[in-house]
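Undergrad: Here is the input, now give the coordinates:
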Amino acid sequence: MSHAISFRTATAADVPALVALIESAYRGEVSRAGWTTEADLLDGQRTDEREVSAVVRGPRSRVRIAEQHGSLVACVRIDDAGDAGYIGMFAVQPTMQAGGIGRQMLSEAERVIREELRLPRARMTVIMQRESLIAWYGRRGYQVTGKREPFPYHDPRAGTPRRADLVFEVLEKQL
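TA: Numbering: from 1, shown residues only. Now for the predicted structure:
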């Protein structure tokens, strides 16, 4: 098992490292070192400094960071969506995936939603075609709600789709 992970809320100084982590977990060849890559579905960027800065500074959002030996190893965006805590930008260093860090980061996000935001459920969206990832969340108590959201094909910040049928599944978990 890995050494101790510590958690903290990101600051503006963390933004460049967060963008690099998120990009490495989702896009390009480096992402293929992990199992959560979207490289077969999307090219281009996953996020940028403007978007991550807005989340870090937002009055109803934050990014929680997991560090090990002083290095950034994982992150998750948490938004207060009113009736639920929204989880997004969930990323683990590709070479450290499948080692339990993701489970710890997800548990921390759920703790923040339950204890700090005092919300009854967690919600997220996952690209429907990412069946293994949806199954991973399912093993952690998340259920497919039957609701779907369109993929933002018009927004280049969401990446360049490699197929025309991408759609988000909405998953929820009662906390």
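Undergrad: from here on, contacts and neighbour counts on C-alpha atoms
TA: Noted.
Undergrad: and the closest residue to residue 75 other than its chain neighbours, what is it in contact with?
TA: Once flanking residues are discounted, residue 75 sits nearest to residue 65: 4.5 Å by C-alpha to C-alpha, 6 or more residues apart in numbering. With contact set as C-alpha atoms under 8 Å, 6 or more residues apart in numbering, residue 65 has these partners: 7-10, 72-76.
Undergrad: among those residues, which ones are buried?
TA: Buried members of the contacts of residue 65, scored by 16 or more other C-alpha atoms under 10 Å, are 7, 10, 72-76.
Undergrad: Just to be sure, residue 149 is in a helix?
TA: No - using DSSP: H, G, I helix; E, B strand; the rest coil, the assignment for residue 149 is strand, not a helix.
Undergrad: just so I have it, where are all the strands in this structure?
TA: Taking DSSP state E, the strands of the chain run over residues 6-9, 42-43, 61-68, 71-80, 85-92, 121-127, 143-150, 160-161, 167-174.
Undergrad: can I get those strands in JSON lines with mean pLDDT and distance to residue 133?
TA: As requested, these are arranged in JSON lines below (pLDDT from 0 to 100; distance: least, C-alpha to C-alpha, whole Å):
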{"stretch": "strand 6-9", "mean pLDDT": "96", "distance to residue 133": "23"}
{"stretch": "strand 42-43", "mean pLDDT": "56", "distance to residue 133": "16"}
{"stretch": "strand 61-68", "mean pLDDT": "96", "distance to residue 133": "20"}
{"stretch": "strand 71-80", "mean pLDDT": "95", "distance to residue 133": "15"}
{"stretch": "strand 85-92", "mean pLDDT": "93", "distance to residue 133": "12"}
{"stretch": "strand 121-127", "mean pLDDT": "94", "distance to residue 133": "8"}
{"stretch": "strand 143-150", "mean pLDDT": "95", "distance to residue 133": "12"}
{"stretch": "strand 160-161", "mean pLDDT": "74", "distance to residue 133": "18"}
{"stretch": "strand 167-174", "mean pLDDT": "95", "distance to residue 133": "11"}
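Undergrad: could I get these as TSV with distance to residue 18?
TA: Listed next are those as TSV, based on distance: least, C-alpha to C-alpha, whole Å:
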stretch	distance to residue 18
strand 6-9	12
strand 42-43	19
strand 61-68	9
strand 71-80	7
strand 85-92	9
strand 121-127	19
strand 143-150	25
strand 160-161	21
strand 167-174	23
